[in-house]
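Q: Pasting the sequence and the predicted coordinates here, then a few questions.
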Amino acid sequence: MSTLQVIALLMYGAFLLGAVKSIDFTHFAKNKQQQHLIFGTAASLFVLWLFKAGIFEGLDVHFLGLSVLTLMLGFRYAIIAAFIALVGASATGYGTWQNLGVNGLLGTVLPISVTYLFYMLSFHRIPRQLFVYIFICAFFPAAFSIALKTLSLGAFYYMDGIYAWDIIFDNYILLIPLLVFPEALLNGMAITLLVIYQPTWVYTFHDKFYLDN
């Protein structure tokens, strides 16, 4: 493993440890709905991430689905569910085990953090309405997250000397404009359906904040 891979693994482990330590396992063991949501979303991500395209190893593009995951589960449970999905996907060839920390940190923690930051800022700074929630908390964060994830992973492969910049740019970075809108649309549509038909599944959505007013 390279130095950057080790650093990424340690940082990812710190985020994961912090998320696990905050869980009340006694309550979690009794909460069947929470268990179903976490493992169900992890399984959904696992399947979603299997559909990827790319020419060079690691420079693959696929939908993330992490904005809707974050809004459904909250920051800490989203990190745990994404970790479960990442381990399963890595076991089936999603990426090398040496890059587990890199994929975890830049591919899951970074998009989850971006979405949760958008959610917190919108909750405290913008009038709370349904369309604000859908677009500001799901649509735009999803677009920004996949662009930032692609840029950061491209920078890692360049800094670690795995690929030359022209290969990264032509086969990875250049695809960002093609990725942002589909990713945003997927997350926006998914969260719209959830808040309409299954609002109890969405941890960050409350009728009294976004509908009653």
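A: Received it, and whenever you're ready, just let me know what you need. Residues are numbered from 1 along each chain as shown.

Q: ranges for the strands of the chain?
A: For the chain, strands defined by DSSP state E do not occur.

Q: Tell me the spacing between residue 56 and residue 163.
A: Taking C-beta to C-beta, to the nearest Å as the measure, residue 56 falls 7 Å from residue 163. C-betas here are computed from N, CA, C, even on glycine.

Q: which one of these two has more residues nearby?
A: Neighbour comparison, residue 56 and residue 163: the larger count goes to residue 163, with 18 against 13 (by other C-beta atoms under 10 Å).

Q: Now do the residue nearest to the more buried one when sequence neighbours are not counted, the pLDDT please.
A: Using C-beta to C-beta, 6 or more residues apart in numbering and skipping residues adjacent in sequence, the residue nearest residue 163 is residue 157, 4.9 Å away. The pLDDT attached to residue 157 in the predicted structure is 92.

Q: now the one 10 residues further on
A: In the prediction, the pLDDT value recorded for residue 167 is 91.

Q: Hmm, residue 56 and it touching each other?
A: Yes. The criterion here is C-beta atoms under 8 Å, and residue 167 meets it with residue 56 at 6.6 Å.

Q: I'd like to know how far the residue nearest to residue 85 when sequence neighbours are not counted sits from residue 11.
A: For residue 85, the nearest residue in space outside its immediate sequence neighbours is residue 45; the separation is 3.7 Å by C-beta to C-beta, 6+ apart. Between residue 45 and residue 11 the distance is 21 Å, computed by C-beta to C-beta.

Q: Pick out whichever of those two has more residues nearby.
A: Relative neighbour count places residue 45 above the other of residue 45 and residue 11, with 25 against 16, counting by other C-beta under 10 Å.

Q: Roughly how far does the residue nearest to residue 42 when sequence neighbours are not counted sit from residue 52?
A: Setting aside the residues directly before and after it, residue 42 is nearest to residue 84 in space (C-beta to C-beta, 6+ apart), at 3.9 Å. Residue 84 sits 18 Å away from residue 52, taking C-beta to C-beta as the criterion.

Q: next one: residue 157
A: When C-beta to C-beta is applied, the distance between residue 157 and residue 52 equals 16 Å.

Q: the more surrounded of the two?
A: Neighbour count, other C-beta under 10 Å: between residue 157 and residue 52, residue 157 has more, with 22 against 14.

Q: Pull the number of nearby residues for the residue nearest to residue 42.
A: Each residue near residue 84 was counted by other C-beta under 10 Å, and the total is 16.

Q: Equivalent analysis for residue 164, please.
A: Around residue 164 sit 11 other residues, with neighbours defined as other C-beta under 10 Å.

Q: Likewise for the one 10 residues further on?
A: The local packing of residue 174 (other C-beta under 10 Å) involves 12 other residues.

Q: so where's this protein uncertain?
A: When residues are selected by pLDDT under 70, those of the chain lie in 213.

Q: which residues of it fall in helices?
A: Taking DSSP state H as the test, the helices found in the chain are 3-21, 25-30, 32-50, 66-73, 75-91, 100-104, 110-125, 130-134, 140-159, 165-171, 176-197, 207-210.

Q: Columns distance to residue 60 on top of the ones you listed, output as JSON lines?
A: Converted to JSON lines, those look like this (distance: least, C-beta to C-beta, whole Å):
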{"stretch": "helix 3-21", "distance to residue 60": "17"}
{"stretch": "helix 25-30", "distance to residue 60": "33"}
{"stretch": "helix 32-50", "distance to residue 60": "9"}
{"stretch": "helix 66-73", "distance to residue 60": "16"}
{"stretch": "helix 75-91", "distance to residue 60": "11"}
{"stretch": "helix 100-104", "distance to residue 60": "10"}
{"stretch": "helix 110-125", "distance to residue 60": "15"}
{"stretch": "helix 130-134", "distance to residue 60": "28"}
{"stretch": "helix 140-159", "distance to residue 60": "10"}
{"stretch": "helix 165-171", "distance to residue 60": "10"}
{"stretch": "helix 176-197", "distance to residue 60": "12"}
{"stretch": "helix 207-210", "distance to residue 60": "36"}
